[in-house]
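A.B. asks: I'll drop the sequence and a predicted model, then ask my questions.
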Amino acid sequence: MMHTRKIRLMMASAALLTLTGPAFALDGADLMKKLEAATSSNGTTLTFDKAEVSGDTVTASGVQIKLAGQPGDALKIGDITFEGVEETEGGGYYAETVSFPDVNVVQDEGSLAVKDILVSGLSIPANPAGGTLDDILLYESASTGPITVSAKGKEVFSLESSEANLARQENDAGFDFDATAAGLKADLSQIEDPKTKEAIEKLGLTKLDGAVTMKGSWEVESGNVALEEYAFDFKNVGRLNLAVDISGYTLAFMKSLQEAMKSAEANPNKEEANQAMGLAMMGLMQQLTFNSAEIRFDDASITKKALDYAGSQQGVTGDQLAQSLKGLVPLMMAQLNVPELQNQVSSAVNTYLDGPKSLTISAAPEKPVPFPMIMGAAMGAPNTIPSVLGVKVTAND
């Protein structure tokens with residue numbers, strides 16, 4: 001009797017495991033196919049040979065990527081390893097980490113090398129054609145180690161590391177994002193054109209050393225994209241920062257843009273495709289609203305060097321050239337027929353040239369301005385754009 005019960009219990013357990021087993025088993029091929037579908041929305045073609053599963057790890061081999069609009073063969077990636085993989089509700093996938101092999105591409109007389117490529121918190125949607133945040137290919141962070149570019153056997157560009165982060169806001173209201181490219185170095189000494197080479201040497205730009213940073217947010221419902229910082233900061237040159245705030249970049253807008261790009265890429269007649277893309281972009285721009293923008297440059301000695309060099313080409317000193325520019329700017333601005341802006345620009349240029357610190361051009365209208373209104377002003381009365389957008393120019397503030 002006891003023996004019979006044990007047999008029945010074992011059979012029931014085996015049956016249960018048989019029924020429940022497939023529900024917990026990962027399908028590596030399905031993961032890759034859904035990743036391929038998600039990347040194709042941006043015009044990227046992803047292929048792979050096979051995907052093997054071991055526990056919660058999926059290893060895809062023979063991975064190749066071809067970017068839309070890029071000529072030449074597909075980029076051979078090799079093996080990609082997804083770790084901590086689990087299937088999400090609805091049929092999508094989540095991977096704790098995704099690691100890539102180092103990239104080492106050699107073409108003609110140049111080469112590109114990228115090390116330590118890693119993506120964390122990758123969410124692969126089940127249906128990339130859907131209209132929610134869960135239908136977008138997302139990551140929590142992406143990073144690389146050193147990146148180097150060489151030409152004719154000499155390193156011309158390098159980057160110590162790069163990192164990008166994406167964080168969901170509460171109640172899926174949107175995202176906060178930031179990115180950093182640190183230890184950026186460029187060697188311009190290999191430029192062969194004599195005049196360009198001379199200018200680079202006089203300006204002290206033979207070796208560039210700096211960083212690129214980005215920070216902002218995206219609100220899904222209103223489509224508000226607030227790029228607070230997109231800065232290029234180089235030693236002995238200066239810091240150039242762009243900030244912009246627009247609304248209307250919703251999920252629907254993004255999907256329409258992706259469809260337009262895919263249609264243009266699929267059209268073998270490139271001239272016709274470009275025309276269609278232009279018309280599509282004109283239509284999409286109608287949905288956007290301008291809130292504000294700012295371009296700011298903080299000088300780190302490049303202005304004086306530029307004045308000295310430009311002046312030497314004209315047989316004058318840098319200070320003499322600066323005085324000439326002070327008189328020339330009002331004459332140039334007068335042609336635009338914008339008296340208020342003319343005074344601002346003239347005053348800002350004078351202040352900046354007397355002691356270069358910072359120069360800022362900002363646009364902050366009292367109320368958000370629809371893009372169609374801006375385009376209408378540009379075509380009908382371009383001199384009204386500064387007042388429509390609330391443009392201001394300041395220096396050393």
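C.D. replies: Structure's in. What do you need?
A.B. asks: so Ala182 sits in a helix?
C.D. replies: No. Counting by DSSP: H, G, I helix; E, B strand; the rest coil, one finds Ala182 to be strand, located in no helix.
A.B. asks: hey, where'd the helices end up in this protein?
C.D. replies: Under the criterion DSSP state H, the chain contains helices at 2-24, 28-40, 194-202, 251-266, 270-285, 302-313, 318-334, 339-354, 371-380, 385-389.
A.B. asks: As a markdown table, those helices with distance to Ala231 and mean neighbour count would be great.
C.D. replies: For the C-beta atoms, the positions are set from N, CA and C on the backbone; glycine is no exception. Output for the helices of the chain, formatted as a markdown table (distance: least, CB to CB, whole Å; neighbours: other CB atoms under 10 Å):
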| stretch | distance to Ala231 | mean neighbour count |
| --- | --- | --- |
| helix 2-24 | 47 | 9 |
| helix 28-40 | 29 | 19 |
| helix 194-202 | 22 | 13 |
| helix 251-266 | 25 | 15 |
| helix 270-285 | 26 | 13 |
| helix 302-313 | 15 | 16 |
| helix 318-334 | 26 | 15 |
| helix 339-354 | 19 | 17 |
| helix 371-380 | 25 | 14 |
| helix 385-389 | 22 | 17 |
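A.B. asks: do you know which of those helices lies nearest Gly130?
C.D. replies: Closest to Gly130 of these is helix 251-266 (CB to CB; 9.0 Å).
A.B. asks: now that closest one: mean pLDDT?
C.D. replies: Looking at helix 251-266 alone, the average pLDDT works out to 85.
A.B. asks: for that helix, packing partners?
C.D. replies: When contacts are defined as 3 or more CB pairs under 8 Å, 6 or more residues apart in numbering; DSSP states H and E, helix 251-266 packs onto helix 270-285.
A.B. asks: What are the contacting residues of the helix it packs on?
C.D. replies: Contact with helix 270-285 is made by Phe253, Ser256, Leu257, Ala260, Met261, Ser263, Ala264, Glu265, Asn267, Phe371, Pro372, Met375, as judged by CB atoms under 8 Å, 6 or more residues apart in numbering.
A.B. asks: One more pass at 7 Å, please.
C.D. replies: Residues from elsewhere that reach helix 270-285 (CB atoms under 7 Å, 6 or more residues apart in numbering): Phe253, Ser256, Leu257, Ala260, Ser263, Ala264, Asn267, Phe371.
A.B. asks: My guess is Gln64 contacts Thr44. True?
C.D. replies: No. Assessed by CB atoms under 7 Å, Gln64 is found out of contact with Thr44, at 10.9 Å.
A.B. asks: low-scoring stretches of the chain, by residue?
C.D. replies: 1-24, 68-72 (pLDDT under 70).
A.B. asks: Please repeat the previous calculation with a cut-off of 80.
C.D. replies: Scanning the chain for pLDDT under 80 picks out 1-25, 41-43, 67-73, 129-131, 262, 265-266.
A.B. asks: care to break it down by domain?
C.D. replies: According to automatic domain parsing, the chain comprises the domains 26-159, 302-395.
A.B. asks: okay, how far is it across the longest one, tip to tip?
C.D. replies: Start and end residues of domain 26-159 are separated by 37 Å (CA to CA, to the nearest Å).
A.B. asks: Tell me how many other residues surround Gly174.
C.D. replies: Gly174 is flanked by 21 other residues according to other CB atoms under 10 Å.
A.B. asks: do the same with Thr289
C.D. replies: 20.
A.B. asks: contacting residues for it?
C.D. replies: By CB under 7 Å, 6+ apart, Thr289 lies in contact with Ile246, Ser247, Gly248, Pro368, Val369, Pro370, Phe371.
A.B. asks: farthest pair in those?
C.D. replies: Farthest apart among those by CB to CB are Gly248 and Val369. That separation is 11.7 Å.
A.B. asks: With distance to Gln275 added, can I get the domains of the chain in CSV?
C.D. replies: Output for the domains of the chain, formatted as CSV (distance: least, CB to CB, whole Å):
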stretch, distance to Gln275
domain 26-159, 16
domain 302-395, 18
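A.B. asks: With respect to Asn241, which of those domains lies nearest?
C.D. replies: Here domain 302-395 is closest among the domains of the chain (CB to CB), at 9.4 Å.
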